[in-house]
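Asker: Mind folding the following:
(one chain, ligands or ions: 1)
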Amino acid sequence: MEQLDKFRELMRRDRVFDFMMPDQMPAVDVSHEVLLYVEGLTVSFDGFKALNDLNLYIDDGELRCLIGANGAGKTTLMDVITGKTQPYSGMAYFGQTHNLLNKNESDIATLGIGRKFQKPTVFEQHTVFENLELSLRMSKAILASIFYRMSSEQSDRIAEVLDIIGLSKQSNQLAGALSHGQKQWLEIGMLLVSDPRLLLVDEPVAGMTPQETEHTAELLTSLAGERTVVVVEHDMAFVRSIAKKVTVLHQGSVLAEGNMDEIQNNPDVIEVYLGESQ
Ligand SMILES: Nc1ncnc2c1ncn2[C@@H]1O[C@H](COP(=O)(O)OP(=O)(O)OP(=O)(O)O)[C@@H](O)[C@H]1O
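Answerer: I've put the predicted structure just below:
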């Protein structure tokens, strides 16, 4: 009988148990103001160095743009940071203490690193609200999702995210009916529900209208500060509109780093990259 009572208590539908709550994000030590440390990173594919002794430091709260010609190593760098690719050598730390190279993709997401790929992958047959709700669920443990029940705190979080991404009015609209730009913002929102500390965003404005591009610039700029945003982008006008600091990759290493004026006037950059794309 006692066992049955315990089971009934466990199955009560009117309360949210601790194990159903989102995973607590581990603390990240940014006492040196740097959120991401990458040093001496080398990734080899059959002897070809996609990353070659790469060093990169991203400050906490920064909005950094990463540019570089096709094949420069931008995606490979994101793959290492998110645990998808293991480097041949080097180190990658999140804050002072979290070694990213001994963690898997899921642990890295739990640490607070969210990645948005170029193509939006929203659930088209679900509403905007449901998409956000689903990603909130997916950020929980499997066991928790079986017993999942949305708390008012979680629905407040979704409402807050809808406001940030500018889709409050579209909350009950099917995601499949959104414009390309709105789908991209929804996908950024799907990352935001779990409150990531670092957002890696790959080519956010590809295929967007000028108005959508402008809105995306405002959105990403507004996210920085409270969180850290790294944007990989080929659209130089867009980079110019949002970037304070730009890192140029070339053949797997950092070729130049600085503000947009410094980058645009750097002879090496002009030769290997800007010369081609302007
Ligand atoms: N799995 C792999 N096997 C072999 N070579 C690879 C692999 N992944 C990437 N590369 C090579 O590594 C280099 C860097 O690729 P990466 O995708 O990181 O560049 P990128 O800067 O993201 O380019 P793009 O702007 O075209 O996306 C390229 O020459 C690419 O062909």
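
Asker: Neighbours of the closest residue to Trp185 other than its chain neighbours, how many?
Answerer: In this structure, Trp185 finds its nearest non-sequential neighbour in Ile165, 4.3 Å apart by Cβ to Cβ, 6 or more residues apart in numbering. Every C-beta, even on glycine, is put in place using the N, C-alpha and C of the backbone. By the criterion of other Cβ atoms under 10 Å, Ile165 has 22 neighbours.

Asker: OK, contacts around Ile165?
Answerer: 185-186, 188-189, 192, 219 (Cβ atoms under 8 Å, 6 or more residues apart in numbering).

Asker: and the chain, which residues reach the ligand?
Answerer: 45, 50, 68, 70-76 (Cβ under 6 Å from any ligand atom).

Asker: Strands of this protein, start to end?
Answerer: For the chain, strands defined by DSSP state E occupy the ranges 34-45, 48-59, 63-67, 89-94, 98-99, 113-116, 198-202, 228-232, 245-250, 253-258.

Asker: In JSON lines: these, plus mean neighbour count and mean pLDDT.
Answerer: Output for the strands of the chain, formatted as JSON lines (neighbours: other Cβ atoms under 10 Å; pLDDT from 0 to 100):
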{"stretch": "strand 34-45", "mean neighbour count": "19", "mean pLDDT": "96"}
{"stretch": "strand 48-59", "mean neighbour count": "18", "mean pLDDT": "97"}
{"stretch": "strand 63-67", "mean neighbour count": "24", "mean pLDDT": "96"}
{"stretch": "strand 89-94", "mean neighbour count": "18", "mean pLDDT": "97"}
{"stretch": "strand 98-99", "mean neighbour count": "16", "mean pLDDT": "96"}
{"stretch": "strand 113-116", "mean neighbour count": "23", "mean pLDDT": "94"}
{"stretch": "strand 198-202", "mean neighbour count": "23", "mean pLDDT": "96"}
{"stretch": "strand 228-232", "mean neighbour count": "25", "mean pLDDT": "96"}
{"stretch": "strand 245-250", "mean neighbour count": "22", "mean pLDDT": "95"}
{"stretch": "strand 253-258", "mean neighbour count": "18", "mean pLDDT": "96"}
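
Asker: re earlier: narrow the contacts of Ile165 to those in helices?
Answerer: Within the contacts of Ile165, residues falling in helices by DSSP state H are 185-186, 188-189, 192, 219.

Asker: which one of those residues sits closest to the ligand?
Answerer: Among those, Ile188 lies closest to the ligand (Cβ to the nearest ligand atom), at 19.4 Å.

Asker: correct me, but that closest one touches Lys116?
Answerer: Yes. Using Cβ atoms under 8 Å, Ile188 is in contact with Lys116, at 6.0 Å.

Asker: list residues touching both of the two?
Answerer: 199, 201, 204.

Asker: got a list of what Gln104 touches?
Answerer: To be clear, residue 104 is Asn; Gln isn't right here. Per Cβ under 8 Å, 6+ apart, neighbours of Asn104: Gly83.

Asker: Just read off the phi/psi values of it.
Answerer: The phi and psi values for Asn104, taken as degrees, to the nearest 10, are phi -90, psi 180.

Asker: Equivalent analysis for Gln96, please.
Answerer: phi -70, psi -20.

Asker: Apart from its neighbours in sequence, what residue is nearest it?
Answerer: Asp29 (3.9 Å).

Asker: What is the burial count for the one you found?
Answerer: With other Cβ under 10 Å as criterion, Asp29 counts 13.

Asker: dump the residue contacts of it.
Answerer: Applying Cβ under 8 Å, 6+ apart, the residues near Asp29 are 95-97.

Asker: ok, back up a step: can you flag the buried ones in the residues of the chain next to the ligand?
Answerer: 50, 68, 72-76 (16 or more other Cβ atoms under 10 Å).

Asker: Looking at these, which are in helices?
Answerer: Per DSSP H, these map to helices at 74-76.

Asker: so can I have a markdown table of those residues showing distance to Ser241 and pLDDT?
Answerer: What follows is these, written out as a markdown table (distance: Cβ to Cβ, whole Å; pLDDT from 0 to 100):
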| residue | distance to Ser241 | pLDDT |
| --- | --- | --- |
| Lys74 | 19 | 95 |
| Thr75 | 23 | 95 |
| Thr76 | 26 | 96 |
